[in-house]
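Visitor: coordinates only, sequence not included:
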């Protein structure tokens, strides 16, 4: 991947460290964005879709671990933690939460750039191996996103527009737990508490039509489509 096409989001509240990283990125041809707080980082990732995120854990508003958890509900953007926390437990928690790599402070610019290049290679593999498909298949279930049709065991299913939207959302994130808030935002364009009851009804009807084995309920959290 050409690094000129790579945009790196630097999430760091220490101005000196942030300046060191952004200067290094700029001098090596990378585009970059910056954020000082966790909330700002989540907003920038959502709005700008950076290629890679460099994330400090000790942020002034929320812990970087929480940023990882929030982002992982809807994005697989590579996250490299750059933190002064060198304890193995902190590293394990960050990686378990969804971070792709962990770099302890103090660090060398050379090592940081090497970690970024590794992420770039992984991204290039994903582009080659996971092209955007116009159809989705999972067991006996198939979705034609272009035609807007759903087949189960070779027979077309009749879904309501809302059910179809929910199914497509789950299919495009197969294997990932989608929180209630994320689903409501994507399918209802809102996060009103009252919509949660509607979501449960629609999801229940959808599971009756396609079979319970495809959609797993995570009580109090959300839903996940599983590979069968």
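Guide: Now that the structure is in, tell me what you want to look at. These figures come from a predicted structure and were not determined experimentally. Residues are numbered from 1 along each chain as shown.
Visitor: switch to C-alpha atoms for all contacts and neighbour counts from now on
Guide: Fine.
Visitor: low-confidence ranges in this structure?
Guide: 1-4, 123-133, 188-194 (pLDDT under 70).
Visitor: cutoff 50 now
Guide: 1-4, 127-131, 190-194 (pLDDT under 50).
Visitor: and the gap between the most centrally placed residue in it and residue 205?
Guide: Closest residue to the average C-alpha location of the chain: residue 75 at 1.4 Å, with CA atoms, centre = their mean. Going from residue 75 to residue 205 by CA to CA, to the nearest Å gives 27 Å.
Visitor: still on that earlier bit, and the residue nearest to the centre of the chain, how close does it get to residue 51?
Guide: In this view, residue 75 and residue 51 are 11 Å apart by CA to CA.
Visitor: again, but for residue 112
Guide: According to CA to CA, residue 112 stands 15 Å off from residue 51.
Visitor: and what of residue 78?
Guide: Residue 78 is 7 Å from residue 51, where distance means CA to CA.
Visitor: just residue 199 next, same as before
Guide: Distance, residue 199 to residue 51, by CA to CA: 32 Å.
Visitor: residue 29 too?
Guide: Residue 29 is 14 Å from residue 51, by CA to CA.
Visitor: more neighbours, those two?
Guide: residue 51 (20 against 14; other CA atoms under 10 Å).
Visitor: find the nearest non-adjacent residue to that one, please.
Guide: Once flanking residues are discounted, residue 51 sits nearest to residue 7: 5.2 Å by CA to CA, 6 or more residues apart in numbering.
Visitor: for that neighbour, grab phi and psi.
Guide: Dihedral pair for residue 7: phi -110, psi 120, per degrees, to the nearest 10.
Visitor: show me where this protein has strands.
Guide: 7-11, 31-35, 52-55, 79-83, 101-104, 135-138, 141-144, 149-152, 155-157, 178-179, 215-218, 222-225 (DSSP state E).
Visitor: quick one: contacts for residue 34?
Guide: Residue 34 makes contacts with 9, 10, 11, 12, 18, 41, as judged by CA atoms under 8 Å, 6 or more residues apart in numbering.
Visitor: could you dump the residues you listed to TSV with neighbour count and distance to residue 55?
Guide: Listed next are the contacts of residue 34 as TSV, based on neighbours: other CA atoms under 10 Å; distance: CA to CA, whole Å:
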residue	neighbour count	distance to residue 55
9	24	8
10	26	6
11	26	5
12	26	7
18	18	11
41	23	9
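Visitor: now the two most distant members of those residues.
Guide: Taking CA to CA as the measure, the contacts of residue 34 span a maximum distance of 13.5 Å, between 18 and 41.
Visitor: what residues do the two have in common as contacts?
Guide: Both residue 18 and residue 41 are in contact with 11, 34, where contact means CA under 8 Å, 6+ apart.
Visitor: any idea what the residue nearest to residue 149 when sequence neighbours are not counted is bridged to?
Guide: Residue nearest to residue 149 in three dimensions, not counting chain neighbours: residue 143, with 5.9 Å by CA to CA, 6+ apart. Going by DSSP bridges, residue 143 is paired in beta bridges with residue 136, residue 150.
Visitor: thought residue 143 was touching residue 150?
Guide: Yes: counting by CA atoms under 8 Å, residue 143 touches residue 150, with 4.6 Å between them.
Visitor: so who does residue 70 touch?
Guide: By CA under 8 Å, 6+ apart, the contact set of residue 70 is residue 42.
Visitor: so what's residue 71 closest to, chain neighbours aside?
Guide: Spatial nearest neighbour of residue 71, chain neighbours left out: residue 42 (6.7 Å); criterion: CA to CA, 6+ apart.
Visitor: many thanks, I have nothing further to ask.
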